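>>> quick one: sequence plus predicted model below, questions after.
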Amino acid sequence: QVQLVESGGGLVQPGGSLRLSCAASGSISSINAMGWYRQAPGNQRELVAAITSGGSTNYADSVKGRFTISRDNAKNTVYLQMNSLKPEDTAVYYCNAEITVFTGSYYYTDDYWGQGTQVTVSS
């Protein structure tokens, strides 16, 4: 009933920039926190950045000052602007959202994930 679709990944040189987008669709009543996670080969999935429905943000120490998370509540979309990219930022990036769904009979809240988008930083 709910889908998260990511876009914007790709190959970029060190020092370059990318902007990721993630749009939620379906029987959405409201979206609470939204965030971006990443997973590099051999590593666990880690939080990169998160934003509440009110706009409060938090970032992993490794990306502070380089990445910016934002959201457009009217479009049910979250963005991740990534600047000054480093090879160690290479990973699959996943969008996550806590979404309240209305089935027509009742509400329930669950955690949803996108399919992931590859970001590769290499010269």
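Perfect, I can see it now. Residues are numbered from 1 along each chain as shown.
>>> what's stretch 3-20 in contact with?
Applying CB atoms under 8 Å, 6 or more residues apart in numbering, the external contacts of stretch 3-20 come out as 21-26, 36, 79-87, 93-97, 112-123. The way it works is simple: take the backbone N, C-alpha and C, and place the C-beta from them, glycine included.
>>> drop anything exposed from those.
21-24, 36, 79-80, 82, 85, 93-97, 112, 114, 116-117, 119, 121 (16 or more other CB atoms under 10 Å).
>>> next step: those residues restricted to strands.
The strands, defined by DSSP state E, take in 21-24, 36, 79-80, 82, 93-97, 112, 117, 119, 121 from the buried ones among the contacts of stretch 3-20.
>>> helices of this protein, start to end?
Shown for the chain, no helices are assigned by DSSP state H.
>>> show me where it dips below the pLDDT cut-off.
By pLDDT under 70, the chain has no low-scoring segment.
>>> tally up the residues packed near Tyr37, please.
21 (other CB atoms under 10 Å).
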